[in-house]
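Peer 1: Sequence isn't available, so here's the structure alone:
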């Protein structure tokens, strides 16, 4: 009797089905594990992104405080220059010029997003709406950074040269720098500042840029809140 006669075809069929089922089961296990790993990775990435957003919001809050103080100081000096009845108080106001003619540094925390983009790990987040919101937020932060760069250029191109040429800076420096400076044997000509059209214009430009920055910071904070909520909901799935 040959081998084919010894093994019933039904047994062969059962063995074949068992082999196919075991292969499919192995594929299913691999796919399920891969899906679990990606889901876990997506949740961990969402949590890391939330931490970056919280750090950036803390930075924004600090910048809002600084810009608000700068704006208010610029407005006080301009109002003093515009109101003859306040001229007696102007020298004291003008001592704040160094605290107005400054620039603030924009340093958002974007390491997690930048690394996820560079490595392709952003695809671990399978929510397309959330990924789109992350990209939009990153663009907004980059745009705000460009605006801060322009404010920095304004400082070095116009504000600092004016202070160097027309004031005794040790008298007008920002209060947090005063203790590190040496008093000069001569004084700022406050009357020149009071009558200077250039000084008026620089103060006005500074006031304008701080108002714009505050508006942009408010918008960035709002979008950060919305994005944080989306990430929180995603990580809780």
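Peer 2: Thanks, I have it. Owing to the predicted nature of the structure, the values given are computational and were not obtained by experimental measurement.

Peer 1: How much space separates residue 86 from residue 57?
Peer 2: Here residue 86 is placed at a distance of 38 Å from residue 57 (CB to CB, to the nearest Å). Bear in mind the C-beta positions are built from the backbone N, C-alpha and C, glycine included.

Peer 1: of the two, who's got more company?
Peer 2: For residue 86 versus residue 57, the count of surrounding residues by other CB atoms under 10 Å is larger for residue 57: 17 against 13.

Peer 1: low-scoring stretches of the chain, by residue?
Peer 2: 1-40 (pLDDT under 70).

Peer 1: just the helices in it please.
Peer 2: Using DSSP state H, the helices of the chain run over 3-6, 9-82, 90-94, 97-100, 111-119, 128-154, 160-166, 169-172, 190-195, 197-235.

Peer 1: Mind putting those into JSON lines with distance to residue 183?
Peer 2: Formatted as JSON lines, the helices of the chain follow (distance: least, CB to CB, whole Å):
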{"stretch": "helix 3-6", "distance to residue 183": "109"}
{"stretch": "helix 9-82", "distance to residue 183": "22"}
{"stretch": "helix 90-94", "distance to residue 183": "16"}
{"stretch": "helix 97-100", "distance to residue 183": "14"}
{"stretch": "helix 111-119", "distance to residue 183": "43"}
{"stretch": "helix 128-154", "distance to residue 183": "28"}
{"stretch": "helix 160-166", "distance to residue 183": "16"}
{"stretch": "helix 169-172", "distance to residue 183": "6"}
{"stretch": "helix 190-195", "distance to residue 183": "16"}
{"stretch": "helix 197-235", "distance to residue 183": "22"}
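
Peer 1: these two touch, right, residue 67 and residue 212?
Peer 2: No: the pair residue 67 / residue 212 is not scored as a contact, 9.5 Å apart, by CB atoms under 8 Å.

Peer 1: So which of these two has more stuff around it?
Peer 2: With neighbours defined as other CB under 10 Å, residue 67 and residue 212 compare such that residue 67 has more, 20 against 13.

Peer 1: residues contacting the more buried one?
Peer 2: By CB atoms under 8 Å, 6 or more residues apart in numbering, residue 67 lies in contact with 104, 210, 213, 214, 217.

Peer 1: how near is the closest residue to residue 237 other than its chain neighbours to residue 181?
Peer 2: Closest residue to residue 237 in three dimensions, ignoring its sequence neighbours and counting by CB to CB, 6 or more residues apart in numbering: residue 43, at 7.6 Å. With distances taken as CB to CB, residue 43 is found 52 Å from residue 181.

Peer 1: do the same with residue 172
Peer 2: From residue 172 across to residue 181, the span is 10 Å (CB to CB).

Peer 1: Likewise for residue 237?
Peer 2: Taking CB to CB as the measure, residue 237 falls 56 Å from residue 181.

Peer 1: So between these two, which is more surrounded?
Peer 2: Higher neighbour count among residue 237 and residue 181: residue 181, with 12 against 9, using other CB under 10 Å.

Peer 1: and that one, what is it in contact with?
Peer 2: Residues near residue 181 by CB under 8 Å, 6+ apart: 169, 170, 173.

Peer 1: How about the residue nearest to the spatial centre of the chain, nearest residue that isn't a chain neighbour?
Peer 2: Closest to where the C-alpha atoms of the chain average out (CA atoms, centre = their mean) is residue 108, at 3.3 Å. Nearest residue to residue 108 in three dimensions, chain neighbours excluded: residue 56, at 4.3 Å (CB to CB, 6+ apart).

Peer 1: again, but for residue 234
Peer 2: Leaving aside its chain neighbours, residue 234 sits nearest to residue 46 (5.0 Å; criterion: CB to CB, 6+ apart).

Peer 1: Residue 233 is in contact with the one you found, correct?
Peer 2: No: Residue 46 is beyond contact range of residue 233, at 9.2 Å (criterion: CB under 8 Å).
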